[in-house]
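Trainee: all I have is the shape, not the residue letters:
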């Protein structure tokens, strides 16, 4: 059987030409892809990348946020270009108007923005988590998960089961995408520094002081009243009188809507000081310096009661009869 060399050459030429044409088409399409934005509508998106995170998981995040199209094409691009080995962990800021090539450049950028964030006095861990999330520093779920990690809590020399109370309210500078443990250590270290300066003795029960300070923080915003509120708490505990503090009850409610109802005061939680004697099991917020000082240095008074005057201040009483008079005057209408 004779082989027609001419026909074979022509067939091979056609085959190679076809392959070459396919390669050229793929190259043109791929090049077009690299220089085309995912969307003509520009939206700013933040994506957190963890250390050692798998490239496929990163691409999945980018695709979900509509920062890139054709996830498989982008995967080949970052692998072939070497970008996958240079990706920086942290919070990255993207626009949906970026091209895949620009997205790749952002992934390897070492410019991680620093964000100034203020944690108000009296915020709970959950509120702090929300502030950090809204500031694009860390996802609240990751922050809360770390706060509830008992091993990590104990590594900070905190005997309690919660970090509530130890996250000192202040203004901080954090990196976008900073690790939860690093954020927490910074805030706990700040608390330790402040507490060590204002504490008159190392023999004082720090956790007791912190629980009292947290109640003081929630019960009054007036610095001049804080030592008297602290005195009321100490006096009631000493005399075996229930604290009956609304702030502790509220902390124990899972879905508080801002309106404390009568039935809430009968709910059996460890924080309901209308039902149980003594201090709540943990702090109910993260108190500021003034409240800590008040808990360490309560006023030398024998007050047992106080009631709001509805103007941000309170009036204090030594006995129930006197307290009743002020309740009738300031709270009867309410």
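Mentor: Structure's in. What do you need? Bear in mind the structure is a predicted one, so any value in this text is a computation, not a measurement. Residues are numbered from 1 along each chain as shown.
Trainee: what helix or strand is the closest residue to residue 190 other than its chain neighbours on?
Mentor: Nearest residue to residue 190, sequence neighbours excluded (C-beta to C-beta, 6 or more residues apart in numbering): residue 168, at 4.2 Å. Backbone N, C-alpha and C define where each C-beta goes, glycine included. Counting by DSSP states H and E, no helix or strand carries residue 168.
Trainee: residue 168 is in contact with residue 286, isn't it?
Mentor: Yes: if you go by C-beta atoms under 8 Å, residue 168 and residue 286 touch, sitting 6.7 Å apart.
Trainee: need the residues touching each of the two.
Mentor: residue 119 (C-beta atoms under 8 Å, 6 or more residues apart in numbering).
Trainee: give me the more crowded residue out of these two.
Mentor: Set side by side, residue 168 and residue 286 show more neighbours around residue 286, with 29 against 23, by other C-beta atoms under 10 Å.
Trainee: for the more buried one, report the pLDDT, please.
Mentor: pLDDT, residue 286: 98.
Trainee: now swap in residue 289 and tell me
Mentor: pLDDT, read off for residue 289, is 97.
Trainee: just residue 111 next, same as before
Mentor: 62.
Trainee: end-to-end on stretch 47-66?
Mentor: End-to-end span of stretch 47-66 (C-alpha to C-alpha, to the nearest Å): 11 Å.
Trainee: residues of it that come out buried?
Mentor: Judged by neighbour count using 16 or more other C-beta atoms under 10 Å, the buried positions of stretch 47-66 are 47, 48, 49, 55, 58, 59, 61, 62, 63.
Trainee: pLDDT of it, averaged?
Mentor: For stretch 47-66, the per-residue pLDDT averages 88.
Trainee: list the buried residues of stretch 64-81.
Mentor: Counting neighbours by 16+ other C-beta under 10 Å, stretch 64-81 gives 67, 68, 74, 75, 77, 78 as buried.
Trainee: so which of those residues is the closest to residue 177?
Mentor: residue 67 (15.7 Å; C-beta to C-beta).
Trainee: my guess is the closest one contacts residue 99, does it?
Mentor: No: contact criterion C-beta under 8 Å: residue 67 and residue 99 do not qualify, at 10.6 Å.
Trainee: can you classify residue 244 as helix, strand or coil?
Mentor: Here residue 244 is coil, with the state taken from DSSP: H, G, I helix; E, B strand; the rest coil.
Trainee: quick one: the strands in the stretch 1-150 of the chain?
Mentor: Taking DSSP state E, counting those that start in this stretch as the criterion, the stretch 1-150 of the chain carries its strands at 44-49, 90-95, 114-118.
Trainee: packed most tightly, which of those would that be?
Mentor: Between the strands of the stretch 1-150 of the chain, the one whose residues have the most neighbours on average, counting mean count of other C-beta atoms under 10 Å, is strand 90-95 (a mean of 20).
Trainee: which strands and helices sit next to it?
Mentor: strand 44-49, helix 100-107 (3 or more C-beta pairs under 8 Å, 6 or more residues apart in numbering; DSSP states H and E).
Trainee: again, only this time at 6 Å
Mentor: Strand 90-95 makes packing contacts with strand 44-49 when contacts are defined by 3 or more C-beta pairs under 6 Å, 6 or more residues apart in numbering; DSSP states H and E.
Trainee: now the angle from the strand it packs on to strand 90-95?
Mentor: Inter-element angle recorded for strand 44-49 and strand 90-95: 150 degrees (by axes from the mean of the first three to the mean of the last three C-alpha atoms, to 10 degrees).
Trainee: partner strands of strand 44-49 and their direction?
Mentor: Take DSSP bridges as the rule and strand 44-49 pairs in its sheet with strand 90-95 (antiparallel).
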